[in-house]
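*Asks:* Build me a structure from this.
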Amino acid sequence: MSFDVPDDLRYLDSHEWARVDDATARIGISDFAQDELGDVVFVDPPSEGEELTAGEDFGVVESIKAVSDIYAPVSGTVTAVNDDLVDRPELINEDPYGDGWLVEVELSDESDLDDLLSADEYRDQIA
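*Replies:* All right, here's what the predicted structure looks like:
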């Protein structure tokens, strides 16, 4: 099976992605991760203003199969939360790189990006 792995994103080996624009990162979970989880039924994201630390968990995604922690690919302050996921958590399954994003973070240390996988490295991991 082939999974969508956009080239413009950076990936954590635990299947989270970050799309960086200036000093802001939009974070979500990968197509592979949503497929492994199955139908997402609940999301518990952090609140705006919370501090995330790269590599540490910051929320939970619950599916019909499992409850999984979500890990921060980068450190920073949460500046936006995707409130659409409260009523429509299935957006993570339908559009993991678009409408299914989780949070936006103002980066506190751009060097965190150096520790993330490129799209090619992530494709190798999930192959």
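*Asks:* Counting neighbours, what do you get for residue 107?
*Replies:* By other C-beta atoms under 10 Å, 20 other residues sit near residue 107. Where you see a C-beta, it was placed from the backbone N, CA and C, and this is true even at glycine.
*Asks:* If you could redo that for residue 45, that was the one I meant.
*Replies:* By other C-beta under 10 Å, neighbour count at residue 45 equals 20.
*Asks:* residues in contact with the residue most central in space within the chain?
*Replies:* For the chain, residue 28 is the residue whose C-alpha lies nearest the centre (C-alpha atoms, centre = their mean; 2.2 Å). Contact analysis of residue 28 by C-beta atoms under 8 Å, 6 or more residues apart in numbering lists 16, 17, 92, 96, 97, 100, 101, 102.
*Asks:* most neighbours, which of those residues?
*Replies:* Neighbour tally across those (other C-beta under 10 Å): the maximum, 28 neighbours, falls on residue 17.
*Asks:* In strands only, show me the contacts of residue 28.
*Replies:* The strands, defined by DSSP state E, take in 16, 17 from the contacts of residue 28.
*Asks:* Output the contacts of residue 28 as CSV; include the columns pLDDT and distance to residue 51.
*Replies:* Below are the contacts of residue 28 laid out as CSV (pLDDT from 0 to 100; distance: C-beta to C-beta, whole Å):
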residue, pLDDT, distance to residue 51
16, 98, 17
17, 98, 20
92, 98, 23
96, 98, 25
97, 98, 25
100, 98, 23
101, 98, 19
102, 98, 16
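*Asks:* need the contact list for residue 26.
*Replies:* The contact partners of residue 26, by C-beta under 8 Å, 6+ apart, come to 18, 19, 101, 103, 104.
*Asks:* ah, wrong one, I meant residue 30
*Replies:* Counting by C-beta under 8 Å, 6+ apart, residue 30 makes contact with 3, 5, 11, 15, 16, 17, 96, 122, 126.
*Asks:* mind running it again at 10 Å?
*Replies:* 3-6, 9, 11-12, 14-17, 36, 96-97, 122, 126 (C-beta atoms under 10 Å, 6 or more residues apart in numbering).
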